[in-house]
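>>> Fold the following, please.
(chains A and B)
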Amino acid sequence: METKTINSIPKTWEMEDLGNGRMVLNMGPSHPAMHGIVRILLTVEGERVVDSDVEIGYLHRGFEKTCENVTYNQVIPYTDRLNYVSPFINNVGFALAIEKLMDIETPERCKYLRVIMSELGRLEDHLTCIGANAMEQGAFTVYFYLINAREFLYQLTDSVAGGRVTPAYARVGGVTGDLPPDFKAKTAEVFRKVRKNLGDADKLLTRNRIFFDRMRGTGAISKRDAISMSFTGPVLRACGVPYDVRKATPYLVYDRFDFDIPVGDNGDNYDRYLVRMEEIKQSMRIVEQALAQIPEGPIRHADFNVILPAKEEVYGNIEALMAHFKLTYEGIKPTAGEIYQAVEGGNGELGYYVVSDGSGKPYRVRVRPPCFTLMAGLSKLINGGYIADIISTFGQINMIGGELER
Amino acid sequence: MNQDLIRTIQEKFPAQVTGTHAFRGDSTVTVRREALREVAGYLRDELGFEFLMDLTAVDYPEREDRFEMVYHFYSFKTNLRLRLKAPVNGKEPLIASLTPLWGAANWFEREAYDMFGIKFEGHPDLRRILMYDTFEGHPLRKDYPLKKRQPRIVHRE
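Model (predicted):
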């Protein structure tokens, strides 16, 4: 058995007794509460966590390297696989980044569609997070209520984008498809069910003694530390910082909706849970307003040097045929330059830093994954607490391996 | 707004700022490698950029200073964003670590080290983060072949 010491934490594959009443425990990489594969090396004293080291990288796929070798639109399906619980936000974020690089705007209807799909994605993300977190703490019923609600939402997004987990919905300059004719009625029906299930979950969890005791005060972090660790999203808002990209630097048409940014006080797991519960309601509000406001019109950019022209155009117009050929073979060619575009992902600020050299392939695509900084701060959150608290904290961090390790 | 910000930094560090540009609404300031920590500290303490949103590098093999460190800052107080860049030589890639200023720099810098082989002076725990310990090379360098295969992690006894 190989044992080496890095940074005072013994790196071993097996349980080790350190002799002074402390021992080293492995949590993961294969552990039912580790959501995929993450390894936490714990130095424990009884039930207390004295020190910890988080090891990631088991799901690294070379996303950024791959992006440098494909055309811009070929990157879109890869972005699905970043945060696979809310893929629409990733699609939209990347498309927005390239549109910023090219300095183009999409039609109004397209912007509304992107908002609607992003918010449905956020709903799926938050429902999964709370449901899985509750399940890991023994509240299995809640898991089924919330995952049931998510299933209805998946069917809804499926009817628009033709995919549940990997929809590849956005394109640079547009989206792939418009809403089906009965979408408004269907959404109202789905939201009625989601609200019912959410209400049931709320009754089962929020004032539940066991749940409350395991969430209140565990995994807490101060506002100051959270900012220093560059936390964003619900975890930062639970500390009382009302930072949300949708409000701070509105993109698409978010400035036209009336919605609130819930914040917590204590920065602990319970506040994170409450913030997410409230955000689910706010996201539904946004979708309802967007569906009421959405104008008729095109869903793709008019210039067919940006996005594939309609098939009738391709067969009837030589310019469109050439554009179709060039877009397929060479891809769009944004001007050389660099931009950073942030959107509010399920877990916080999802940023794309794209460098273009003027060719059909990106020179560099960097993703700022929201849960990377959260995972970097995980040790801070769990040190000093009990081993059992790791389950609630890790669940509320909502680590998504796909975006964490790319 | 952006121009004001760039001018403020230029006036504060006339000798250290080597270039600036504003492109599509993003402000960028390039500084000398040696001045990085000083400028970053000024941004945090004087200009209110309390978030180190992102930290990464870009590889330009044809340039004299091969790597370019890219830092994205965000200020919640003023709602401004700023990109700070610093060139790093390719022979001995070394730059000051921002871990004393931001806790978030720890993992970001480990990733930059893992992917590009850039070393960070003053980093408390610089080791690979996404790749495994026995991995050879740095995959996001432009000269690392796309389809190169390496033996996976050694199976333990």
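>>> mind listing the helices in the stretch 51-200 of chain A by residue range?
In the stretch 51-200 of chain A, the helices defined using DSSP state H, counting those that start in this stretch lie at A:63-67, A:72-80, A:87-102, A:108-136, A:140-161, A:183-205.
>>> Deepest-packed of those, please.
helix A:87-102 (a mean of 27; mean count of other C-beta atoms under 10 Å in any protein chain shown). The way it works is simple: take the backbone N, C-alpha and C, and place the C-beta from them, glycine included.
>>> Specify the angle between it and helix A:108-136 in degrees.
Interaxial angle, helix A:87-102 versus helix A:108-136 (axes from the mean of the first three to the mean of the last three C-alpha atoms, to 10 degrees): 140 degrees.
>>> Helix A:87-102 near chain B anywhere?
Yes - Helix A:87-102 comes into contact with chain B (C-beta under 8 Å from any C-beta of the partner chain), by way of A:100-101.
>>> Report the mean per-residue pLDDT for that helix.
The average pLDDT within helix A:87-102 is 91.
>>> Restrict it to CA atoms and write it as PDB.
Taking Å, rounded to 0.1, in the frame of the first residue of the first chain, the C-alpha atoms of helix A:87-102 are listed here in PDB:
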ATOM      1  CA  PRO A  87     -28.400  22.400 -19.800                       C
ATOM      2  CA  PHE A  88     -30.400  25.200 -21.300                       C
ATOM      3  CA  ILE A  89     -28.500  27.800 -19.200                       C
ATOM      4  CA  ASN A  90     -25.200  26.500 -20.500                       C
ATOM      5  CA  ASN A  91     -26.400  26.600 -24.100                       C
ATOM      6  CA  VAL A  92     -27.700  30.100 -23.800                       C
ATOM      7  CA  GLY A  93     -24.600  31.300 -22.000                       C
ATOM      8  CA  PHE A  94     -22.300  30.100 -24.700                       C
ATOM      9  CA  ALA A  95     -24.500  31.400 -27.500                       C
ATOM     10  CA  LEU A  96     -24.700  34.800 -25.700                       C
ATOM     11  CA  ALA A  97     -20.900  34.800 -25.400                       C
ATOM     12  CA  ILE A  98     -20.300  34.300 -29.100                       C
ATOM     13  CA  GLU A  99     -23.000  36.800 -30.000                       C
ATOM     14  CA  LYS A 100     -21.300  39.400 -27.800                       C
ATOM     15  CA  LEU A 101     -18.000  38.500 -29.600                       C
ATOM     16  CA  MET A 102     -19.800  39.100 -33.000                       C
END
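>>> among the helices and strands of the chain, which has the poorest mean pLDDT?
As the question left the chain open, I've gone with chain A. strand A:4-6 (a mean of 42; mean pLDDT, DSSP states H and E).
>>> that older thread, mind putting the helices of the stretch 51-200 of chain A into JSON lines with distance to A:Asp271?
Output for the helices of the stretch 51-200 of chain A, formatted as JSON lines (distance: least, C-beta to C-beta, whole Å):
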{"stretch": "helix A:63-67", "distance to A:Asp271": "32"}
{"stretch": "helix A:72-80", "distance to A:Asp271": "30"}
{"stretch": "helix A:87-102", "distance to A:Asp271": "23"}
{"stretch": "helix A:108-136", "distance to A:Asp271": "13"}
{"stretch": "helix A:140-161", "distance to A:Asp271": "18"}
{"stretch": "helix A:183-205", "distance to A:Asp271": "14"}
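>>> which residue is nearest the centroid of chain B?
Closest residue to the average C-alpha location of chain B: B:Met69 at 3.4 Å, with C-alpha atoms, centre = their mean.
>>> close enough to count as contact, that residue and B:Asn89?
No - the criterion here is C-beta atoms under 8 Å, and B:Met69 misses it with B:Asn89 at 11.5 Å.
>>> ranges for the strands of chain B?
Ranges of strands in chain B, per DSSP state E, are B:17-23, B:26-31, B:51-59, B:67-75, B:80-88, B:94-96, B:119-121.
>>> nearest to A:Ala248, of these?
Nearest to A:Ala248 among the strands of chain B is strand B:67-75 (8.6 Å), distances taken as C-beta to C-beta.
>>> start to end distance for stretch A:304-319?
Terminal residues of stretch A:304-319 are spaced 9 Å apart (C-alpha to C-alpha, to the nearest Å).
>>> Same check on stretch A:218-229?
Start to finish, the residues bounding stretch A:218-229 are 18 Å apart (C-alpha to C-alpha).
>>> does chain B sit close to that stretch?
Yes - Stretch A:218-229 comes into contact with chain B (C-beta under 8 Å from any C-beta), by way of A:225, A:227-229.
>>> So which of those residues are in helices?
Those of these mapping onto helices are A:225, A:227-228, per DSSP state H.
>>> wait, which of the residues you listed is closest to A:Glu279?
A:Ile227 (20.0 Å).
>>> Correct me if wrong: the closest one contacts B:Leu52.
No - using C-beta under 8 Å, A:Ile227 makes no contact with B:Leu52, being 9.6 Å away.
>>> which of those two has more neighbours?
B:Leu52 (26 against 22; other C-beta atoms under 10 Å in any protein chain shown).
>>> OK, contacts around that one?
Counting by C-beta atoms under 8 Å, 6 or more residues apart in numbering or on different chains, B:Leu52 touches A:230, B:71-73, B:98, B:101-102, B:104-105, B:108.
>>> residues from the stretch 251-400 of chain A in reach of chain B?
Residues of the stretch 251-400 of chain A lying close to chain B by C-beta under 8 Å from any C-beta are A:337-340, A:342, A:349, A:351, A:353, A:355, A:363-364, A:366, A:368, A:372-373, A:375-377, A:380.
>>> tell me the angle the particular helix or strand that has A:Val275 in it makes with helix A:108-136.
Per DSSP states H and E, A:Val275 falls inside helix A:269-293. Between helix A:269-293 and helix A:108-136, the angle comes out at 150 degrees (the same axes, to 10 degrees).
>>> Give the next helix or strand downstream of helix A:269-293.
According to DSSP H and E, the helix or strand after helix A:269-293 is helix A:311-316.
>>> For that following helix, which outside residues touch it?
A:304, A:320-321, A:324.
>>> what about 10 Å?
Contact with helix A:311-316 is made by A:304, A:308-310, A:319-325, as judged by C-beta atoms under 10 Å, 6 or more residues apart in numbering or on different chains.
>>> Mind giving me the ChimeraX command for buried ones among those residues?
Restricted to buried positions by 16 or more other C-beta atoms under 10 Å in any protein chain shown, the ChimeraX selection for the contacts of helix A:311-316 reads:
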select /A:304,308,309,320,323,324
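>>> need the contacts of helix A:311-316 in a markdown table with pLDDT, can you?
Putting the contacts of helix A:311-316 into a markdown table (pLDDT from 0 to 100) gives the following:
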| residue | pLDDT |
| --- | --- |
| A:Phe304 | 80 |
| A:Leu308 | 84 |
| A:Pro309 | 81 |
| A:Ala310 | 78 |
| A:Glu319 | 85 |
| A:Ala320 | 86 |
| A:Leu321 | 88 |
| A:Met322 | 88 |
| A:Ala323 | 86 |
| A:His324 | 87 |
| A:Phe325 | 88 |
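>>> Can you tell me which of the contacts of helix A:311-316 is nearest A:Leu252?
Nearest to A:Leu252 among those, with distances taken as C-beta to C-beta, is A:Leu308, at 21.7 Å.
>>> dump the residue contacts of that closest one.
Contacts of A:Leu308 (C-beta under 10 Å, 6+ apart): A:73, A:171, A:173-174, A:300, A:314, A:320, A:323-324, A:327-328.
>>> For A:Tyr273, which non-adjacent residue is closest in space?
A:Met215 (5.9 Å; C-beta to C-beta, 6 or more residues apart in numbering or on different chains).
>>> can you check A:Phe152 too?
A:Val190 (4.5 Å).
>>> Go ahead and confirm the one you found touches A:Leu153.
Yes - in this structure A:Val190 lies within contact range of A:Leu153 using C-beta atoms under 10 Å: 6.3 Å.
>>> overlap in contacts of the two?
Counting by C-beta under 10 Å, 6+ apart, the residues touching both A:Val190 and A:Leu153 are A:120, A:123.
>>> which among the ones in helices among the residues of stretch A:218-229 next to chain B gets closest to A:Thr166?
Among these, and counting by C-beta to C-beta, the member closest to A:Thr166 is A:Ile227, at 34.1 Å.
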